[in-house]
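> Predicted coordinates and the sequence they were generated for:
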Amino acid sequence: MGRSQPNATPRSPRPLPLPCLLCPLLTPILSGSVPPPCTAMSCLLRPPSSGPHPSTRSPFPLCLALPEAEEGTRIVNGTECPRHSQPWQAALFLGQRLYCGAVLVHRQWLLTAAHCRKPSYLVRLGRHSLQGVELTTQLRKGILSFPHPKYSHPKHDNDLMLIKLGQPVQPTASVKPISLSSCCPRAGARCLVSGWGTTSSPQVNYPKALQCVNLTILSEQACQAAYPGEITDSMLCAGDRAGKDSCQGDSGGPLVCDGTLQGLVSWGDVPCAQPNHPGVYTKLCLFTKWIQDTIKSH
């Protein structure tokens, strides 16, 4: 996968789980989609809706210009995702070149990393492979972008950005938004990252199909120890001792825990997947109000 890397390093203690009523899902409120029923494991209150069901670090930014889409793009030591199992996954293109991942959080809005900002956005959704024709594909243009007002380029602090699409997507089994939660993931939680970024590092090899990898959320102390002085409150670390990681080309892509969006691929060391050097992600549970307010006001 692809991501970026600042000139800094590491992070915080395990948060206490919050009661379900304190952790509402935001996507159904924003998109009008009908969420799945609340379960005992979710720590989420899912408000009803009348809408339709949407069935480390390196010196360069992680949103690199990658090879032509026809050549494909993947995650280090991950596996091919089951087809359309990540229907919120989007790809951002400049012409025919993939440069970042993104996540559908509303029928007309994407989340991605702020360091992925460009003058214009071509968006592909509903894809499994970036090669050939897929009838599930939906193409959109990004017409407005809203980086977080406190985004810091040198450190990639507050590394998130909303992109408004010119037209809403048509919800299908292959294209649907994912929910956000104000509950932060606990240390030790198992989460999934997906993307078309490089599957090896430092050598660059791109996959033909979307890649998935399971990672573990690290404690703030472990995150800080991995990158002393570089981790801020807006970041979280996720990694695996088995050499699994997001990588170049995955920036802005989703970190999903228990079916909700908890992070965006932001930065990490290069080569990727080094022992004791986890990937660093934007901690989205801190930004749900900003996301909601920005969408409602535009």
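Done, it's in.
> average model confidence for stretch 148-158?
Computed over stretch 148-158, the mean pLDDT rounds to 93.
> ok, now stretch 107-124?
96.
> Wait, a helix at Ile295?
Yes: with DSSP: H, G, I helix; E, B strand; the rest coil as the criterion, Ile295 is part of a helix.
> Can you give me the distance of it to Arg107?
Separation of Ile295 from Arg107 (Cβ to Cβ, to the nearest Å): 11 Å. Placement of C-beta: from N, CA and C, glycine included.
> Which of the two has more residues huddled nearby?
Neighbour totals were compared for Ile295 and Arg107, and Arg107 leads with 22 against 19 (other Cβ atoms under 10 Å).
> Settle this for me: that one is touching Pro168, isn't it.
Yes: at 4.0 Å, Arg107 counts as touching Pro168 under the criterion of Cβ atoms under 8 Å.
> so what pLDDT did Thr9 get?
28.
> now do the one 5 residues further on
Note on Arg14: pLDDT of 30.
> what ranges do the strands span in the stretch 101-250 of the chain?
109-112, 121-125, 138-147, 161-165, 179-180, 190-195, 211-217, 235-239 (DSSP state E, counting those that start in this stretch).
> now for the longest one, which elements pack on it?
Translated: strand 138-147. strand 121-125, strand 161-165 (3 or more Cβ pairs under 8 Å, 6 or more residues apart in numbering; DSSP states H and E).
> Those into a markdown table, with extra columns for mean neighbour count and distance to Ser181?
Below are the helices and strands packed on strand 138-147 laid out as a markdown table (neighbours: other Cβ atoms under 10 Å; distance: least, Cβ to Cβ, whole Å):
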| stretch | mean neighbour count | distance to Ser181 |
| --- | --- | --- |
| strand 121-125 | 21 | 22 |
| strand 161-165 | 23 | 17 |
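> Go through those and name the closest to Gly197.
Closest to Gly197 of the helices and strands packed on strand 138-147, according to Cβ to Cβ: strand 121-125, at 15.0 Å.
> which residues are contacting that closest one?
89-95, 102, 104, 110, 130, 137-142, 145, 163, 165, 169, 174-175 (Cβ atoms under 8 Å, 6 or more residues apart in numbering).
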